[in-house]
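> what follows is a predicted protein model with its sequence.
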Amino acid sequence: MAVAGALRAQASAPDTVAPRLQHVVIVRHDIFDSVDARSWYARLANRIHVRTRRSVVEREMLLHSGEILDSARAAETGRNLRRLQVFRDVVVDTSADGATLRVITRDGWTTRPYATFRSTGTQKLFSVGMLETNLFGLAATLDARYVQDPDRSLLRFAFGAPRLLSNRVSTGVFYNRLSDGGSAGGVIEQPFFSLSSRNAARAAFVTFDGRVLRFRDGSPRAVDSLDRLFTLASIGGAHAIRASPRGYVRIGGDLQYRRDDFVPRRTPAIASPRSVTGTAIGYVDISKANFLVTRNYRMLGQPEDVDLSTTVRLGLAVAPSALGYARNGVGPVLYAQTGARIPHGFATVVGRMSGLASAGAVDSGTATLSGTLVLQPHPRHTFVAFSMMGWDKNPYPGEEFDLGLSRGPRAFALHAFTGDRQRYSVAEYRWTVFPSIAKSFAAAVATFAETGGAWFDGSPKRSGSDAGLGLRTAPIRSAANVGASRFDLVRRFATDREPAGWVVVLGTGFTFDALR
């Protein structure tokens, strides 16, 4: 994003009185600008694409005519628009005297067949369907797909729309038909629209009725199979007692209803238990805002927002016996992240922890810690190092840590590493050789090495490593939510289950994203 003129002057001279905006100009471009729309496919793309409506851009604006120019609000306006994931580029700029604010958006292609394929040679995961993330130019999402993996098949339908009701209330629903069950869910919420927003509220539910598979020691076959009947409903809200474009202090709470029953496969329904519990959670969120705009990090070519803010959530969960628990329990809900710019890059650290304890002992809980280092000595050259570790105490069946194929070391089969302990590290150097092929695609080459695994407490630690070379490609005219396609030639190193060897791995997105 370019923020020039008066914004730059304001940042360098904070004691100077900022000018008052007299005009706000919104310019919306199609997928191909007039200069680029000379080929037949560019003209066709523009003709069949529904340009994002002006009202969608206006509702994300945090500055209006007559208001004092604020560089932080201008920058957040750009982030809000990019967060919609319907634009390939967003520019927020001002005239030299600061009297005019210009918001320029360039639409991305959002109607596309959905097709992914992942393979480690012995196992395959594929999906086909149609995904639209800017339905009728309203930034609404419609998703229909079929997914097949070694465990099951899935037919999915989902719809989501920001600010669908009264321009303030967002909603979303989904339905999954599985070969061994089904699930559905929905949410209706008024989120925090900006860092300066004062109130938010949310209600959501999700249900699941189907089979849960449990894996151990890298076996491709499940060691256990359970029927699960699950319902989770929650309602909550939050209020900011301090809020500005530079940070906030928010207090909030949630009430949760949960039914979660597990029975061995093929047990008569009459024998099924009925476990209903309720939990109350209160928390305080504190954040000091810090954001960075970069390129060629998770995507190729398009601008990306990186959150370097220092944010802390301190909360307490209460699970009383009066709401279905065997005994009264309490536990922490903690989240912390921070980031910093470093020469030619940035670094982030994120930690999460939650759990319940009663009678002086931990009944259940989970904790993860991750860190990311990104170096970009040149706009086309990117080095990413990511590392994480995780801990679980009495996880629900099927919710253990699970690495392989699409998560963690890419050359290993699905469920290669499972357990209540986890670790994973990857380093990748990427060179964007062709930033613009026919003004439509970008291509990069990469080299990488990774190691990771999961195991159960008290069992031998199990992990695997691989390294290789790869090709990355991505459309630069698509919306910013399109991940790069990966074609990797990987050398897998031997484990107790899988021999060493060369493997061709196909995938979408970067491996560290699936573990965040």
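Alright, I've got the coordinates.

> could you pull out the helices in the chain for me?
Listed in chain order, the helices of the chain (DSSP state H) span residues 6-12, 40-48, 54-59, 71-83.

> turn these into JSON lines, columns for mean pLDDT and distance to Asp260.
For the C-beta atoms, the positions are set from N, CA and C on the backbone; glycine is no exception. JSON lines is the format used below for the helices of the chain (pLDDT from 0 to 100; distance: least, Cβ to Cβ, whole Å):
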{"stretch": "helix 6-12", "mean pLDDT": "45", "distance to Asp260": "51"}
{"stretch": "helix 40-48", "mean pLDDT": "79", "distance to Asp260": "46"}
{"stretch": "helix 54-59", "mean pLDDT": "92", "distance to Asp260": "38"}
{"stretch": "helix 71-83", "mean pLDDT": "91", "distance to Asp260": "33"}
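
> ranking the ones you listed by burial, who's on top?
Per residue and on average, the most neighbours among the helices of the chain fall to helix 71-83, with a mean of 21 (mean count of other Cβ atoms under 10 Å).

> contacts for it next, please.
If you take Cβ atoms under 8 Å, 6 or more residues apart in numbering as the criterion, helix 71-83 is touched by 1, 3, 7, 10-11, 57, 60-63, 87, 90-92, 94, 101, 103, 105, 193-196, 244-246, 289, 291, 293, 303-305, 480.

> which strands border the strand ranked longest in the chain, and is each parallel or antiparallel?
For the chain, the strand that runs over the most residues, judged by DSSP state E, is strand 224-244. When pairs are called by DSSP bridges, strand 224-244 turns out to pair with strand 199-214 (antiparallel), strand 247-264 (antiparallel).

> now those as a markdown table including mean pLDDT, distance to Arg327 and mean neighbour count?
Written out in a markdown table, the entries for the strands paired with strand 224-244 read as follows (pLDDT from 0 to 100; distance: least, Cβ to Cβ, whole Å; neighbours: other Cβ atoms under 10 Å):
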| stretch | mean pLDDT | distance to Arg327 | mean neighbour count |
| --- | --- | --- | --- |
| strand 199-214 | 94 | 26 | 16 |
| strand 247-264 | 93 | 17 | 16 |
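
> about what we covered before: right, so of the helices of the chain, which gets closest to Arg430?
helix 71-83 (21.4 Å; Cβ to Cβ).

> what angle do that closest one and strand 224-244 make?
For helix 71-83 against strand 224-244, the angle between stretch directions is 150 degrees (axes from the mean of the first three to the mean of the last three Cα atoms, to 10 degrees).

> in JSON lines: the helices of the chain, plus distance to Gly408.
Conversion of these to JSON lines gives the following (distance: least, Cβ to Cβ, whole Å):
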{"stretch": "helix 6-12", "distance to Gly408": "41"}
{"stretch": "helix 40-48", "distance to Gly408": "37"}
{"stretch": "helix 54-59", "distance to Gly408": "37"}
{"stretch": "helix 71-83", "distance to Gly408": "28"}
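
> which one of the ones you listed lies closest to Asp513?
Across the helices of the chain, Asp513 has its closest neighbour in helix 71-83 (16.3 Å, Cβ to Cβ).

> residues near the closest residue to Gln22 other than its chain neighbours, how many?
Counting by Cβ to Cβ, 6 or more residues apart in numbering, Ala99 is the residue found nearest to Gln22 once chain neighbours are left out, at 4.4 Å. Using other Cβ atoms under 10 Å as the criterion, Ala99 is surrounded by 16 other residues.

> likewise for Gly129?
Other residues near Gly129 number 16, with proximity taken as other Cβ under 10 Å.

> I'm done for today, thanks for sticking with me.
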